[in-house]
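Trainee: Structure for the following, please:
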Amino acid sequence: MQEAVPETSLRLGFDDTRTKVVLRTTENYREDLVQLAARFRTGGQLGQLAAVVDLDDLLAGLNHISTWPHHVGVEWAPDLRDLVVSVLNDAETVKKRLDAPEASGEVTSDAVPSLLGADWVAELSTFQQRDIAKLLSLQHGANFSVPGAGKTRVGLAVYAAQKASGAVKRLLVVCPKSAYESWQYETAVCFGHPLRTHVFDRTLDQWAEVLVVNYERLDRSLSTLAGWLKSAPSMIVLDEAHRMKLGARGTYGAACMALGPLARRRLILTGTPAPNGTKDLENLLGFVWPGHGQRTVAQAVAGGDLGRASAVLRPLFTRTTKQELGLPPMELRMRYVDMPDLHNEIYSSLVGGMSTGSAREDLSSLGKTALRLLMAATSPALLLEGASRHEPLAYQLPPLEIPQGNSLFSLMQNLPDYELSPKYKEAAAIVAENAARGRKTLVWTTFVRSLTTLAQLLDKYGPAVVHGGTPDRDEQLRRFREDPTCMVLVSNPATLGEGISLHHVCHDAVYVDRDFMAGRFLQSLDRIHRLGLAPGTETRVTVLAARNTIDEVVEVRLDQKLEFMGKILDDPSVQQLSDLQEEPSVAAGLAPSDMAALLRHMGRNR
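Mentor: Numbering: from 1, shown residues only. This next block holds a predicted model:
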């Protein structure tokens, strides 16, 4: 007599976005489905016989599935089942690490070379082998090592080991455009037979083993990339993963979360995993371990003891610090400048004319307010539109006498004729002093008109200029690196804050202004302070701030963010960045606590 096949009473599978799970049942279990969906915080009915739950919510409450009255009738879609199993296995491994840190059974550093396959030919440092071993001990992982520690090579080594074991056959790399060169180079030199690597643009190389794509292209290429991932066992790497720190609430994050479940192995790489605090880290680890990652971070920091939180989270990631790289120390200084009378009058009038009431209700409004104040602290004339966003301010040297009785608008419009921005004056003095000593200087400023203005003021030093609209970026960087008459590079962190190395030719940086984005600040610092510096190299960074302006608000908020990140990562070098030594003489990234600090500043100056 043939055994009866059990009835399927509950089917679970992904929706099209793969960020939600659809639960389907039969007429006999309709009421049971309503009760089950109600157990989840995000549970909702799609119809009489279907419900939907957020993936994170379902994974955090898997025990609720055990309440289903017909156990043998529960059927999981294979891709969802594989995701659940891998997350649970890694959670169990992490628990064992916490309970018995010295327990055996994990991959050791010494074993790494034998796991990479016969085609791997690249050398690995001691700390890289340690990081690879830790990442191979989990099915998914996070590498939060500082820039210059070789995260690209570590990521490729993890892939090589997985490929050698037969677990995966292809690799999808999501990264900024500035990182393309690094991935193309490493996939060529790490293997005896270079991996077939394709940068995804409008066409897709179906035979590529490594597919590289930028974050901006993800959303409109989801179906193509999903098909590529599903066509063979794959691994996905998010390089500079802080780009998707908003998680499912952001365009980049939602696209990454949709692709993640399709990969057999997920790995994130970033040196700045928590630029604005806990939520950023929750979203990053939520990509790696849906459900488990976010919940673990939230629980770890809930008590306020960041030392304990760091110990709890340490098994989830690996990090090589700057101390381990043996880099010579970096000297950071804060240099305050006083605004001239007219500049101060205009700034105070602008603050007084801005409404804090509407800003409290409108994040967009407050963001624009922060941007305007950052401009005004440097030069209020930046607030006025030029013929183009690239047009420099036309400074008159020497300045003119300030006329009496002119309107505030007229004075702001003609400010460059009357007063030279004290920040520009200070930056020019630093560049001149460095040039006299044969030292090149990297000058950072947020706004394009500020950038082009500085380039004009520093014309005698043959400035290279790089911003989002620069057509010959590579040529500008080549000139700065190779031309002895080019003594200064002027750029903004949004354009050049990631993916390039200048530490062989430049050891001085000046920040004319900074915004609230701690991650961007950290990344930009590492352009001139990274692995490969000669012993004894003197790296000097000067941050300029206008006294009694939003610059002081930014300083306090960045200090708090860097201190948090340093404690969570158990990395004193990050904490030290929050204590800049004082010496004489943006809105993007605003977190709720940034907004509170900004509103207090506006209130004091009314």
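Trainee: For stretch 509-516, output the C-alpha coordinates as PDB.
Mentor: What follows is stretch 509-516, C-alpha atoms only, in PDB (Å, rounded to 0.1, in the frame of the first residue of the first chain):
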ATOM      1  CA  ALA A 509      45.600  68.000   4.200                       C
ATOM      2  CA  VAL A 510      43.400  71.000   5.000                       C
ATOM      3  CA  TYR A 511      39.700  70.900   5.600                       C
ATOM      4  CA  VAL A 512      38.200  74.300   4.700                       C
ATOM      5  CA  ASP A 513      34.800  72.900   6.000                       C
ATOM      6  CA  ARG A 514      33.200  69.600   7.000                       C
ATOM      7  CA  ASP A 515      29.700  68.400   7.000                       C
ATOM      8  CA  PHE A 516      28.000  66.000   9.500                       C
END
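Trainee: what about that stretch, average pLDDT?
Mentor: Averaged across stretch 509-516, the pLDDT comes to 94.
Trainee: what are the bridge partners for V543, then?
Mentor: V543 has these beta-bridge partners by DSSP bridges: M334, Y511.
Trainee: Quick check: it vs L533, distance?
Mentor: 21 Å (CB to CB, to the nearest Å). To be clear about C-beta, it is placed using only N, CA and C from the backbone, and glycine gets the same treatment.
Trainee: higher neighbour count, these two?
Mentor: For V543 versus L533, neighbours defined as other CB atoms under 10 Å are more numerous around V543 (23 against 20).
Trainee: what's the more buried one in contact with, if anything?
Mentor: If you count contacts by CB atoms under 8 Å, 6 or more residues apart in numbering, V543 has them with L332, R333, M334, R335, Y511, R514, E555, L580.
Trainee: Take these and write them to a markdown table, including neighbour count and distance to Q129.
Mentor: Formatted as a markdown table, the contacts of V543 follow (neighbours: other CB atoms under 10 Å; distance: CB to CB, whole Å):
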| residue | neighbour count | distance to Q129 |
| --- | --- | --- |
| L332 | 20 | 32 |
| R333 | 13 | 37 |
| M334 | 17 | 39 |
| R335 | 20 | 42 |
| Y511 | 24 | 36 |
| R514 | 24 | 36 |
| E555 | 17 | 39 |
| L580 | 19 | 35 |
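Trainee: between the residues you listed, which is closest to T270?
Mentor: R514 (19.7 Å; CB to CB).
Trainee: doesn't T446 make contact with the closest one?
Mentor: Yes - with contacts counted by CB atoms under 8 Å, R514 reaches T446, the gap being 7.5 Å.
Trainee: buried set for stretch 265-280?
Mentor: Using 16 or more other CB atoms under 10 Å as the test for burial, stretch 265-280 gives 265-280.
Trainee: pLDDT weak spots in the stretch 251-400 of the chain?
Mentor: For the stretch 251-400 of the chain, residues meeting the criterion pLDDT under 70 lie at 353-366, 384-400.
Trainee: repeat for the chain
Mentor: Ranges of the chain meeting pLDDT under 70: 1-6, 97-105, 353-366, 384-419, 575-606.
Trainee: beta partners for the closest residue to V174 other than its chain neighbours?
Mentor: Nearest residue to V174 in three dimensions, chain neighbours excluded: L238, at 5.0 Å (CB to CB, 6 or more residues apart in numbering). Here L238 shows beta-bridge partners V174, I268, assigned using DSSP bridges.
Trainee: now for the helix or strand Q128 falls within, which elements pack on it?
Mentor: Q128 belongs to helix 126-136 when assigned by DSSP states H and E. If contacts are counted by 3 or more CB pairs under 8 Å, 6 or more residues apart in numbering; DSSP states H and E, helix 126-136 sits against helix 112-115, strand 141-143, helix 151-164.
Trainee: Kindly state the domain boundaries assigned to the chain.
Mentor: Domain segmentation of the chain under automatic domain parsing yields 10-76, 84-320, 330-604.
Trainee: Need the nearest residue in space to the most centrally placed residue in the chain, chain neighbours excluded.
Mentor: Compute the mean C-alpha point of the chain, and by CA atoms, centre = their mean the closest residue is H242, 2.4 Å away. Closest residue to H242 apart from its sequence neighbours, by CB to CB, 6+ apart: T270 at 4.7 Å.
Trainee: Give me the distance between the one you found and L281.
Mentor: 10 Å.
Trainee: what's the answer for D508, then?
Mentor: D508 is 32 Å from L281, by CB to CB.
Trainee: ditto for I550
Mentor: Taking CB to CB, one finds I550 at 27 Å from L281.
Trainee: neighbour count winner among those two?
Mentor: Neighbours were counted for I550 and for L281 using other CB under 10 Å; L281 has more, 32 against 29.
Trainee: Burial check on T26, number of neighbours?
Mentor: Neighbours of T26 using other CB under 10 Å come to 15.
Trainee: cool, and T318?
Mentor: Residues near T318, counting by other CB under 10 Å: 24.
Trainee: Backbone torsions only: list them for it.
Mentor: T318 adopts backbone torsions of phi -120, psi 150, taken as degrees, to the nearest 10.
Trainee: Check V53 too.
Mentor: Dihedral angles (degrees, to the nearest 10) for V53: phi -140, psi 140.
Trainee: likewise G13?
Mentor: phi -160, psi 160.
Trainee: That one - how many residues pack around it?
Mentor: Count around G13 with other CB under 10 Å applied: 16.
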